[in-house]
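3D model of this:
(one chain, ligands or ions: 2)
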Amino acid sequence: MAEDTIKLILDGDEIEMPKGATLLDAANQAGVDIPVICYHEATSPNGLCRICVVDVDAGRILQPACVAECQADSKVETRNERVERSRRTILEMLNASVNLAEAPEIQGMMDDYAADEARFPEARRRETEVIDDNPFYVRDYEQCVLCWRCVQVCAEDAQFTFALTLKNRGHETSVATAFDIAMTESPCVFCGQCIGVCPTGALKPKVQWGMEQGWSADEMRQKTRRERKRKAETSDGE
Ligand code: SF4
Ligand code: FES
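Ligands and ions are numbered 1, 2, ... in the order given. Here you go, the predicted model:
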């Protein structure tokens, strides 16, 4: 075995991994599926959602596979009763507070883990208005699972624009622009990368949203070009 590799047992099979590889890397190499929500290959993993937890050496707490490194000679179980219960509970809590109607991957996980949609009937649901403050996309944070992917891809992971951050705390936590200014006043360059990494329908191109709302072609033109028109008018008057 090379010095920069380690061996571990994953679901009963011995595998060899480079030092520093994550448990998710090991599972991918072994062809074992581990569900992820906050993890995306284009963004830095932060271990936020915990849906990817696995059992390492029957330890006291489960380990998030997207950030936990492989340990030499450890025994990893990616899906036992404890792991399933944990993932199911996370899905039930998410479903109790967030609108997951447009999150097919998470809905698939709910089926896979037999999550009970009525487990927390008294949970407070996230209730927000759709934010329509620019010609290019809308934000519906009722559908946001706070995975942080959009914030990261807007920052050091890709765009270096830093238009997004978090506001408030606890149940009121939400992605927002700094000081909640309109997106058109923020540094946003409307690259669309946030929409590309969002795992739910929280971020949506304006044209798609308009079609869902039944806008006519004229409405679509007006509502997706509003800012350009206003800017043209402003510069005419200067
Ligand atoms: S808007 Fe989408 S990408 Fe951003 S934190 Fe919410 S769910 Fe994640
Ligand atoms: S996918 Fe690993 S913690 Fe979210």
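
quick check: end-to-end length of stretch 32-46?
21 Å (Cα to Cα, to the nearest Å).

ah, wrong one, I meant stretch 144-164
The stretch stretch 144-164 measures 14 Å between its terminal residues, going by Cα to Cα.

can you tell if stretch 75-85 touches ligand 2?
No: on the criterion Cβ under 6 Å from any ligand atom, stretch 75-85 is out of touch with ligand 2, staying 12.5 Å away. (C-beta placed from N, C-alpha, C; glycine too.)

pull out the buried positions in that stretch.
Residues of stretch 75-85 classed as buried: 76-79, 83 (neighbour count, 16 or more other Cβ atoms under 10 Å).

again, but for stretch 62-73
Neighbour count says stretch 62-73 has 62-68, 70 buried, by 16+ other Cβ under 10 Å.

I'd like the distance between residue 84 and residue 90.
11 Å (Cβ to Cβ, to the nearest Å).

which one of the buried residues of stretch 62-73 is nearest ligand 2?
Closest approach between these and ligand 2, by Cβ to the nearest ligand atom: residue 66, at 3.3 Å.

contact partners for that closest one?
22-24, 36, 38-39, 45, 47, 52 (Cβ atoms under 8 Å, 6 or more residues apart in numbering).

how about the residues of the chain near ligand 1?
Counting by Cβ under 6 Å from any ligand atom, the chain comes close to ligand 1 at 144-150, 175, 197-200, 202-203.

could you export those as JSON lines, including pLDDT and distance to residue 219?
Shown next, in JSON lines, are the residues of the chain next to ligand 1 (pLDDT from 0 to 100; distance: Cβ to Cβ, whole Å):
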{"residue": "144", "pLDDT": "98", "distance to residue 219": "26"}
{"residue": "145", "pLDDT": "97", "distance to residue 219": "30"}
{"residue": "146", "pLDDT": "97", "distance to residue 219": "32"}
{"residue": "147", "pLDDT": "97", "distance to residue 219": "32"}
{"residue": "148", "pLDDT": "96", "distance to residue 219": "34"}
{"residue": "149", "pLDDT": "97", "distance to residue 219": "31"}
{"residue": "150", "pLDDT": "98", "distance to residue 219": "27"}
{"residue": "175", "pLDDT": "97", "distance to residue 219": "27"}
{"residue": "197", "pLDDT": "97", "distance to residue 219": "29"}
{"residue": "198", "pLDDT": "97", "distance to residue 219": "25"}
{"residue": "199", "pLDDT": "97", "distance to residue 219": "29"}
{"residue": "200", "pLDDT": "96", "distance to residue 219": "26"}
{"residue": "202", "pLDDT": "97", "distance to residue 219": "23"}
{"residue": "203", "pLDDT": "98", "distance to residue 219": "21"}
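
thanks a lot, catch you later.
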